[in-house]
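Novice: what shape does this take:
(chains A and B)
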Amino acid sequence: MNRVSLKIVGSSGQGLDSMGDIVAKALKRSGYCVFGYREYPSLIKGGHASFQLDASNQKIESTETKVNVVIAFNHHVLEKNIPDLKPGGILIHSTPNWKFPTADQKLIDRLSLSIVYLPVEEILTKLGAKPVLTNVLLTAFVWAMLGQNIDTLKKMVGERFAKKKDLLDLNMRCIDEGSRLQKEHKLSVAMPKPKKEWEKCLMIPGSKAMGLGTVHAGVRVYAGYPMTPSSPLLSYIADIQNRTGMVIKQAEDEITAAQFVSGAMLMGTRALTGTSGGGFDLMSETVSLNAIIENPTVFVLAQRPGPATGLPTWTGQGDLLMAIGTSHGEFARCVMSVSNAEDSFYLVNDAFNIAEKYQISVILMTDKQTMEALYTEKPYDLTKIVIDRGSLVTDPAKLKKLKSTDRYDPNAKDGISPRWLPGAKAATYVAQGDEHNAEGSVDESADNAVQQMNKRMRKQDALKTALPEPELYRVESGKLKVESADWSPDVLLIGWGSTKSVVLDVLKSSGLTTQNSKLSIGYLHFTYLWPLKTEKFEKLTKTAKKTILIEGNFQGQLGVLLRQETGIKIHDRILKYDGRPFFYDELLNLISKHLS
Amino acid sequence: MPIKLDANGPVMKDFHSENRCTWCDGCGNYGIWTGVKSALTELGIAPDQCLLCFDVGCHGNGSDKLKGYRFHGLHGRVLPFAAGAKLANPKLPVIAFGGDGASFSEGIGHLVHAVRSHYPITFVLHNNGNYGLTTGQSSSLTPQGQIMNTAPNSMPEMTLNSMDFIFSLEPTFVARAFSGDIKQVTSVLKEAIRHRGFAFVDILQACPTYNKFATHTMLLEKYYKVEDENHDTSDFKKARALAIDTSQRIATGILYRNENVPNFYERLVPRQGKTTTPVEEVEKFDVTELMRDFL
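Specialist: Purely as a prediction, here's the structure:
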């Protein structure tokens, strides 16, 4: 795959994000698939932050450790980021009279790097522009360097400043000047040939895709408490509230958010909350409550590395076992995970359908990587989802026939009893947090306790039967396809969540296939993590010469689960727990090592 | 004065449950339980036309001793649950019940924000001055000096002046009633349910087993009705003073009321002009326009 990467580096608050957003979208409009990756520390201003864009004319959903271009917003970048460049790479900066230490200069010479100094401050003063326009000037320079049409960039910036005429003119002059400067410097980066198919795609972070999916799924109430990396979901849904008409509540804590949406769900709307590990810990007692009152609920769990505050603005997959084991008592639940923005859109409705059909809590997992990375994706198919509210009774004639004891009828098929809403003209019941009988009255008798536990746990069995097996991916002559379990690869890679994107990019890479041309490689991806379907895994791992587990955590948590359910231990493991996602070249090397 | 009921409306019997009450003899919950049923009946609210949300404690054991759509949740957490339910369907009256243990210890944060948020719900405080169900530990409202379970030397903490605390949050409806006066409980609850926003109703109740300091007899002797003394319920300062000082007499009835403050739901800009409720709006939402932002 022919890929080009640029990394914008500076302090938080210097406008890296707006530059990254503009370049990403403009590249997409010019026919490229772009993947954006942000790194930043947990502070408002300062620190060392970056926004990297990897672009190709083919599907790309991963980041490389080495880039073609570094754009420096301050002099710290000159001290730290020289090693990030590929041979022949370009560094653009605006620090006057900078002299590299000998070691760095040696590296620059060895890698034949081009160091470009742009007197940004001087140019902006001449144009009468404020320092905030640094990013526009640099964007235009880079844009021209990539050989792209300057009008595309002007149109994009024009859309942003449509309402601020005076600012718009200044922006345009900065663009012209940046473009002119590039011609002086004569530096360029060869881009692959653009493809039309990307132009009409969305350029979207996972958090906003999830927000769109939430709105599309008929969710009318959202409550949340700010916590990275779930905050962008709360912010987005709050930002668009006047266009959606939703009820938004920024709660006083995560317990409140969980209780608030549980109340809203009991009343009969669709309500969502999202949080990260620490917040989810606080919500866990409510998950248990919803289990006994059989109240359908969906919780978004956006992971970052713990324990405690851990690495607040970084990524990881360390909360899988916590989600599956959350809260006291034994009860049915569903744990599933998105893997990219597209999943984030479609799986929200899936989560609600499962929650409502089985009257259980669904924990929809994501991570900082998916929430904040930028994806290039086809516009979502709005005919695809179907809202399924399960055994919800709303028909007046049917409501009339209901008895209180139907609500938690222990003999209901698959343990799924009829559900009807407060306010319905029907017999009433208690959504009872104590062990209760069929109508919700407290009943501590031994027989009843067993009956109700059996009823609730039967839902877990029914759900397990209904859930699909994990998806098996394969790359054949450069094309990605989903295989049936009849195909048995020599090498079986196993993963879940955001790891999928980078694994698939690696699978597509000629690097891996040329090197191991005699081996067929498949990737088994688990979207549904609990209840865990293992038939396909057991079959494939028996015939595979090698099975490799790839996870963003210390214990290999999916591996732990698979062993718990099947007794099969996966010996080859690629585990990462440094707060960073797997990078494309890094994972390519790690898999290759396991194969050689 | 006899109350005229709608001939087609609910009657007390509709709320009757065959489940037998499990409270101690002389428990104040009996009076509140009867008052709740009376208030709903007199307001013409049938069991299937309301949601009653119970916290955990002795009062919560009443969740299956009357009919109605009911919820019995976690200790201390009833308010945010009730608020979420109400905002999902603002057409349905929602009443939350909680004890002084849950509401002024584990769930005090929720209480603060419920008043501040001004959710259009009624909150009934079952105030018996201790943790009854867990066998008589001191709550933050137990007077200092009382020997309680887990506090053989009495509690070292200060007692919280609950009314001073509530008034500090600038509430719009504060009432106090005595569980021994069912008529009063009924009339106060009716007004609370009619209130525009968050209604705080403190019901002083006896706990014959564990509360030896505010007994039924003591409450009976000390309580008086502010409406008998021409109290102006729009006078915030006066109401606060009456509520706080219980040394000689205990002021009961509607202490403060302000119907001019829009409630949480009314303040939501996206909900302006909407006649449907979030419960009625669950359907596929067309996000075509929203998606355009990302092209």
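Novice: mind pulling up the pLDDT for A:N516?
Specialist: A:N516 carries a pLDDT value of 59.
Novice: typo on my end, A:E342
Specialist: 98.
Novice: how many neighbours does it have?
Specialist: 19 (other CB atoms under 10 Å in any protein chain shown). Glycine gets a C-beta too; all of them are placed from N, C-alpha and C.
Novice: for the residue of the stretch 201-350 of chain A found nearest chain B, list the residues it contacts.
Specialist: With CB to the nearest CB as the measure, A:G263 is the residue of the stretch 201-350 of chain A nearest to chain B, at 3.1 Å. Contact partners of A:G263, counting by CB atoms under 8 Å, 6 or more residues apart in numbering or on different chains, are B:C53, B:F71, B:P80, B:F81, B:A82, B:A83, B:G84, B:A85, B:K86, B:A88.
Novice: from those, which land in strands?
Specialist: B:C53, B:F71 (DSSP state E).
Novice: near chain A too, which of the contacts of A:G263?
Specialist: Among these, proximity to chain A is found for B:C53, B:F71, B:P80, B:F81, B:A82, B:A83, B:G84, B:A85, B:K86, B:A88 (CB under 8 Å from any CB of the partner chain).
Novice: tell me who's in contact with the fourth one.
Specialist: When you say that, I think you mean B:F81. So B:F81 contacts A:Q259, A:F260, A:S262, A:G263, A:L266, B:C53, B:F71, B:G73, B:A96 (CB under 8 Å, 6+ apart).
Novice: of the residues you listed, closest to A:D281?
Specialist: A:Q259 (14.9 Å; CB to CB).
Novice: ignoring the adjacent residues along the chain, who's closest to A:H216?
Specialist: Once flanking residues are discounted, A:H216 sits nearest to B:V287: 4.8 Å by CB to CB, 6 or more residues apart in numbering or on different chains.
Novice: can you pull the pLDDT of the one you found?
Specialist: 98.
Novice: wait, what's in contact with it?
Specialist: Here B:V287 is in contact with A:L212, A:V215, A:H216, A:Y380, A:L382 (criterion: CB under 8 Å, 6+ apart).
Novice: which parts of the stretch 1-150 of chain B sit against chain A?
Specialist: B:17, B:19, B:47-51, B:53, B:56, B:61, B:63-64, B:67-74, B:77, B:80-89, B:91-92, B:109-110, B:112-113.
Novice: if we go to 7 Å?
Specialist: B:19, B:47-49, B:51, B:63-64, B:67-74, B:77, B:80-85, B:87-89, B:92, B:109-110, B:113 (CB under 7 Å from any CB of the partner chain).
Novice: only whichever of these are buried, select them in PyMOL.
Specialist: To isolate the buried members of those in PyMOL, using 16 or more other CB atoms under 10 Å in any protein chain shown:
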select buried, chain B and resi 19+47+48+49+51+63+64+67+68+69+70+71+72+73+74+77+80+81+82+83+84+85+87+88+89+92+110+113
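Novice: how close does the most centrally placed residue in chain B sit to B:F236?
Specialist: By CA atoms, centre = their mean, chain B has its centre lying nearest to B:V124, at 1.4 Å. B:V124 is 22 Å from B:F236, where distance means CB to CB, to the nearest Å.
Novice: go on, B:N19?
Specialist: 42 Å.
Novice: before we move on, what about A:T376?
Specialist: 58 Å.
Novice: before we move on, what about A:L402?
Specialist: Taking CB to CB, one finds A:L402 at 47 Å from B:F236.
Novice: do the same with A:K479
Specialist: 73 Å.
Novice: just the strands in the stretch 101-250 of chain B please.
Specialist: B:122-127, B:130-131, B:137-138, B:173-178, B:199-204, B:223-225, B:250-257 (DSSP state E, counting those that start in this stretch).
Novice: mind putting those strands into JSON lines with mean pLDDT and distance to A:I360?
Specialist: Converted to JSON lines, the strands of the stretch 101-250 of chain B look like this (pLDDT from 0 to 100; distance: least, CB to CB, whole Å):
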{"stretch": "strand B:122-127", "mean pLDDT": "98", "distance to A:I360": "30"}
{"stretch": "strand B:130-131", "mean pLDDT": "96", "distance to A:I360": "32"}
{"stretch": "strand B:137-138", "mean pLDDT": "96", "distance to A:I360": "35"}
{"stretch": "strand B:173-178", "mean pLDDT": "98", "distance to A:I360": "38"}
{"stretch": "strand B:199-204", "mean pLDDT": "98", "distance to A:I360": "34"}
{"stretch": "strand B:223-225", "mean pLDDT": "98", "distance to A:I360": "48"}
{"stretch": "strand B:250-257", "mean pLDDT": "98", "distance to A:I360": "43"}
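Novice: which residues of the stretch 151-295 of chain B lie near chain A?
Specialist: So far as CB under 7 Å from any CB goes, the stretch 151-295 of chain B lies against chain A at B:268-271, B:274, B:278-279, B:281-288, B:290-291, B:294-295.
Novice: just the buried ones from these?
Specialist: Here, 16+ other CB under 10 Å leaves B:L268, B:R271, B:P278, B:V279, B:E281, B:V282, B:F285, B:V287, B:L290, B:M291, B:F294 buried among these.
Novice: so which of those belong to helices?
Specialist: B:L290, B:M291 (DSSP state H).
Novice: pull the most distant pair out of the buried ones among the residues of the stretch 151-295 of chain B next to chain A.
Specialist: The widest separation within these (CB to CB) is 30.1 Å, between B:V279 and B:F294.
Novice: quick check: pLDDT value at B:N128.
Specialist: 97.
Novice: spit out the contact partners of it.
Specialist: B:G28, B:G99, B:D100, B:Q205, B:A206, B:C207, B:N211 (CB atoms under 7 Å, 6 or more residues apart in numbering or on different chains).
Novice: which ones among those residues map onto helices?
Specialist: Those of the contacts of B:N128 lying in helices (DSSP H): B:D100.
Novice: most neighbours, which of the contacts of B:N128?
Specialist: Counting by other CB under 10 Å, top hit in the contacts of B:N128: B:G99 with 33 neighbours.
Novice: ok, that residue touching B:D55?
Specialist: Yes. Between B:G99 and B:D55 a contact is recorded at 6.4 Å, counting by CB atoms under 7 Å.
Novice: CSV for the ones next to chain A among the contacts of A:G263, including pLDDT?
Specialist: Converted to CSV, the ones next to chain A among the contacts of A:G263 look like this (pLDDT from 0 to 100):
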residue, pLDDT
B:C53, 98
B:F71, 98
B:P80, 98
B:F81, 98
B:A82, 98
B:A83, 98
B:G84, 98
B:A85, 98
B:K86, 98
B:A88, 98
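Novice: how about stretch A:132-150: buried residues?
Specialist: Quick answer for stretch A:132-150 (16+ other CB under 10 Å): A:133-146, A:148, A:150.
Novice: that's all I had, so thanks and see you.
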